[in-house]
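Q: Next comes the sequence, and after it the predicted model I'd like to discuss.
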2 protein chains.
Amino acid sequence: MQDESFGSERTRQLVLRVASELGWVPNGAAQGLASRRTGVVGLLFPDLGLPAAAEEESPLYVDQVIRGAERTAASMGMAVLIAAVKASGGKSLAYSVAGKVDGMVIMSRSLSDKDIATISRTIPAVLLANKPGSHSYDNVSVDNRTGVRDVTSHLIAHHFHTSLAFVAGPHGSPDSLERFRGFCEAVGAAGLPVPEAPSAEGNFTEVGGGKAMHRLIEQGELPRAIVFGNDEMAIGALKVLQDSSLRVPEDVAITGFDDIAVARHLHPPLTTVRQPMRELGEQAVSLLLARIQDPRASRKSVYLSTELVVRASCGCETPRTNE
Amino acid sequence: MQDESFGSERTRQLVLRVASELGWVPNGAAQGLASRRTGVVGLLFPDLGLPAAAEEESPLYVDQVIRGAERTAASMGMAVLIAAVKASGGKSLAYSVAGKVDGMVIMSRSLSDKDIATISRTIPAVLLANKPGSHSYDNVSVDNRTGVRDVTSHLIAHHFHTSLAFVAGPHGSPDSLERFRGFCEAVGAAGLPVPEAPSAEGNFTEVGGGKAMHRLIEQGELPRAIVFGNDEMAIGALKVLQDSSLRVPEDVAITGFDDIAVARHLHPPLTTVRQPMRELGEQAVSLLLARIQDPRASRKSVYLSTELVVRASCGCETPRTNE
DNA sequence: TTGTACGCGTTATCAC
DNA sequence: GTGATAACGCGTACAA
């Protein structure tokens, strides 16, 4: 099947034709067993275990990564085996996947460090969006810190805000932590007081963002600008603000992170930091394929840069143009 | 590995522990070859080959189906192998996938009837959102016709519109065709003139919808209500209408189909037909697993019903409540 | 209960 | 260049 040089080209074609007419399909298991390569890459992502409704709104993030991964895998003739892994156990699926693929991409918060270590002893693994500094593996992540630093600086330098707040995602999320650091850097660089901790936490969800906003409002002393750790929390907060008759951006400016599809359709359109989610998946698979080819090359870390997307929620004018 | 009854339970635990300490992972290929089941289900979806930018906005549909499929597959301990198939050839990936799975879910427009037939001779296949009536396979689809009939009737009965238009998706899309039929049924039932063909086509994309809208405007005789074949086209049209200083819904009412996440964030929020995309994926995998268990059971077709989601773009009041 | 040999469908190696 | 044959790693049936 894989030998391209055959005696008689005619015979080859004939066999191939008959084979397809007969509906013959090569057995992948046998191929894999004999050739020691499956032609499949695995992709593990976290199953947040959210109620279906919430999940439906949210996880554009993972979806885009999957798309990117599928895309570059396909360009190399490989398929992608996906599996959501619950934080609470259920790792057996992960191991099962590990036995069926040539390598895997492991998204952050889907597997414990120990399990990653175990698996990576059998097949190569690339970490996606994990805490920076884990140099034991190939790694691809986005420059969260610079991204948030950029929006925050924009709020300060361009709109002259001096009372700012940051709303974080779930505890322990490397992404959220880095974003908070970026916020602190920008605030510090402007000579403003640097907070010890985020002003609130919203779990990266819309409802969480709404609740966080409520808390901030009830505390009094509403900040003039709020940097949210992601877009969804900003969306939830936006609703709460509107219901509280607080105007955005006149009374309080808000920004997000991710630039999910809804962001530009909000009123006002959300100023945010664009994250190349799809490219994240693409790069991860690229790294993985490279490592499969050369298992003993030096570890690589890829940082993808973000892009500030200025719309109206920060206080900038939005020209009423189309796109 | 699969024999739960062992002589000495202690020994069993010991072996398992050592195995995991050694980082041993069972070889899926060998398991598959010996047991004749891979523990993997395949999912083929169409690669529309759109530019990345357009794709990023759009394919919520496929993503949700993937999620649903992954979800129920995981509940049965199975992983999902996904592959995007370009309409233009590239079917080799599809066949490769077919050799690696216990069965596949094939989304409409991803594979030719002939290829489906060939593959299904080797492994069970379930068709997703294909033309109704293909009773040769297990089939799951959404009740497009009733869905559009419902919105259209709403426009007629509730808002007393008599000049309506339908904007279709790509030529040859079974979904689009069924939705047009639903439109015609509603229009006919109300005693209004039934059109021969859709008033315009928008390829199911946002830009396509915008262009279609332009065409309708330039034709003069703007209909008072426009039923779009999906949400994205409605979004594109909405922008064009606003740029043309036409008010929605005062000057023209519009509706969509799918209820993608952006729909409720638009201004005005889009009245649309909710399609249980995720459940589509779930049901497809359920059918597939059932067929794998009993390959000679009778064919099954599952129709999922839609739900009319009334918001403001049709002319209804939207109470300014929060969800 | 425990051990052993065979088969799964393909690739790869080695004589010819 | 061509054609046999031994792995590949795990289930499983059968013998001990």
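A: Received, thanks. Numbering: from 1, shown residues only, chains lettered A, B, ... in the order given.
Q: All the helices of the stretch 1-150 of chain A, in order from the start?
A: With helices called from DSSP state H, counting those that start in this stretch, the stretch 1-150 of chain A shows them at A:9-21, A:28-35, A:52-57, A:60-75, A:91-98, A:113-122, A:144-153.
Q: correct me, but residue A:45 touches residue A:62?
A: Yes. At 4.9 Å, residue A:45 counts as touching residue A:62 under the criterion of CB atoms under 8 Å. In short, each C-beta sits where N, CA and C put it, glycine included.
Q: Now the common contact residues for these two.
A: Common neighbours of residue A:45 and residue A:62, using CB atoms under 8 Å, 6 or more residues apart in numbering or on different chains, are residue A:107.
Q: Let me see the contact set for residue A:181.
A: A:145, A:148.
Q: Can you verify it is assigned to a helix?
A: Yes. The assignment for residue A:181 is a helix, going by DSSP: H, G, I helix; E, B strand; the rest coil.
Q: Would you mind measuring from it to DNA strand D?
A: Distance, residue A:181 to DNA strand D, using CB to the nearest atom of the strand, to the nearest Å: 44 Å.
Q: Alpha carbons of stretch A:305-317, as PDB, please.
A: Below are the C-alpha coordinates for stretch A:305-317, written out as PDB (Å, rounded to 0.1, in the frame of the first residue of the first chain):
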ATOM      1  CA  SER A 305       1.600  37.200  20.500                       C
ATOM      2  CA  THR A 306      -1.700  38.800  21.100                       C
ATOM      3  CA  GLU A 307      -3.300  41.800  19.400                       C
ATOM      4  CA  LEU A 308      -5.100  44.700  21.000                       C
ATOM      5  CA  VAL A 309      -8.500  45.200  19.500                       C
ATOM      6  CA  VAL A 310      -9.800  48.600  20.300                       C
ATOM      7  CA  ARG A 311     -13.600  49.000  20.100                       C
ATOM      8  CA  ALA A 312     -15.900  51.200  22.100                       C
ATOM      9  CA  SER A 313     -16.200  49.700  25.600                       C
ATOM     10  CA  CYS A 314     -13.000  51.300  26.600                       C
ATOM     11  CA  GLY A 315     -14.200  54.700  25.700                       C
ATOM     12  CA  CYS A 316     -12.800  55.000  22.200                       C
ATOM     13  CA  GLU A 317     -15.100  56.300  19.500                       C
END
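Q: Touching, residue A:311 and residue A:267? I think so.
A: No. Applying CB under 8 Å as the test, residue A:311 and residue A:267 come out as separate, 10.6 Å apart.
Q: So for those two, which sits in the more crowded spot?
A: residue A:311 (19 against 13; other CB atoms under 10 Å in any protein chain shown).
Q: count of neighbours near the closest residue to residue A:88 other than its chain neighbours?
A: Once flanking residues are discounted, residue A:88 sits nearest to residue A:49: 7.6 Å by CB to CB, 6 or more residues apart in numbering or on different chains. When counting by other CB under 10 Å, one arrives at 11 neighbours for residue A:49.
Q: How about residue A:264?
A: Around residue A:264 there are 18 other residues, counting by other CB under 10 Å.
Q: Report pLDDT for it.
A: The model reports residue A:264 with a pLDDT of 89.
Q: now swap in residue A:53 and tell me
A: Reading off the model, residue A:53 has pLDDT 54.
Q: Close to chain B: what parts of the stretch 151-300 of chain A are there?
A: Residues of the stretch 151-300 of chain A found near chain B (CB under 8 Å from any CB of the partner chain) are A:235, A:239, A:240, A:243, A:261, A:262, A:265, A:266, A:267, A:278.
Q: And the strands in chain A?
A: According to DSSP state E, chain A carries its strands in the segments A:40-47, A:79-86, A:103-107, A:125-128, A:138-142, A:164-168, A:200-201, A:225-228, A:253-255, A:272-274, A:301-304, A:307-309.
Q: could I get those strands as JSON lines with mean neighbour count?
A: As requested, these are exported to JSON lines (neighbours: other CB atoms under 10 Å in any protein chain shown):
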{"stretch": "strand A:40-47", "mean neighbour count": "25"}
{"stretch": "strand A:79-86", "mean neighbour count": "24"}
{"stretch": "strand A:103-107", "mean neighbour count": "28"}
{"stretch": "strand A:125-128", "mean neighbour count": "26"}
{"stretch": "strand A:138-142", "mean neighbour count": "24"}
{"stretch": "strand A:164-168", "mean neighbour count": "26"}
{"stretch": "strand A:200-201", "mean neighbour count": "22"}
{"stretch": "strand A:225-228", "mean neighbour count": "30"}
{"stretch": "strand A:253-255", "mean neighbour count": "27"}
{"stretch": "strand A:272-274", "mean neighbour count": "25"}
{"stretch": "strand A:301-304", "mean neighbour count": "15"}
{"stretch": "strand A:307-309", "mean neighbour count": "16"}
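Q: between those strands, which gets nearest to DNA strand C?
A: Among these, strand A:40-47 comes nearest to DNA strand C, with 14.6 Å by CB to the nearest atom of the strand.
Q: Touching the closest one from outside, list them.
A: A:62, A:65-66, A:69, A:73, A:78-87, A:90, A:94, A:97-98, A:100-111, A:281, A:285, A:288-289, B:74, B:81, B:100.
Q: follow-up on the earlier one: can you lay out the residues of the stretch 151-300 of chain A next to chain B as TSV showing distance to DNA strand D?
A: Shown next, in TSV, are these (distance: CB to the nearest atom of the strand, whole Å):
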residue	distance to DNA strand D
A:235	47
A:239	51
A:240	53
A:243	57
A:261	43
A:262	45
A:265	50
A:266	51
A:267	56
A:278	35
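Q: Pull out the buried residues from these.
A: With neighbours counted by 16 or more other CB atoms under 10 Å in any protein chain shown, those contain buried members at A:235, A:239, A:240, A:261, A:262, A:265, A:266, A:278.
Q: List just the nearest of the residues you listed to DNA strand C.
A: Taking those together and measuring to DNA strand C by CB to the nearest atom of the strand, the closest member is residue A:278, at 32.1 Å.
Q: The closest one and residue B:299, how far apart?
A: As judged by CB to CB, to the nearest Å, residue A:278 and residue B:299 stand 37 Å apart.
Q: Quick check: the gap between the residue of the stretch 101-250 of chain A found nearest DNA strand D and chain B.
A: Residue nearest to DNA strand D within the stretch 101-250 of chain A: residue A:122 (9.9 Å; CB to the nearest atom of the strand). Note on residue A:122: its distance to chain B, by CB to the nearest CB, to the nearest Å, is 5 Å.
Q: One more: residue A:100?
A: Taking CB to the nearest CB, one finds residue A:100 at 3 Å from chain B.
Q: And the pLDDT for that residue?
A: On the pLDDT scale, residue A:100 is placed at 97.
Q: check contacts around it.
A: A:38, A:40, A:42, A:81, B:28, B:29, B:32, B:38, B:39, B:40, B:79.
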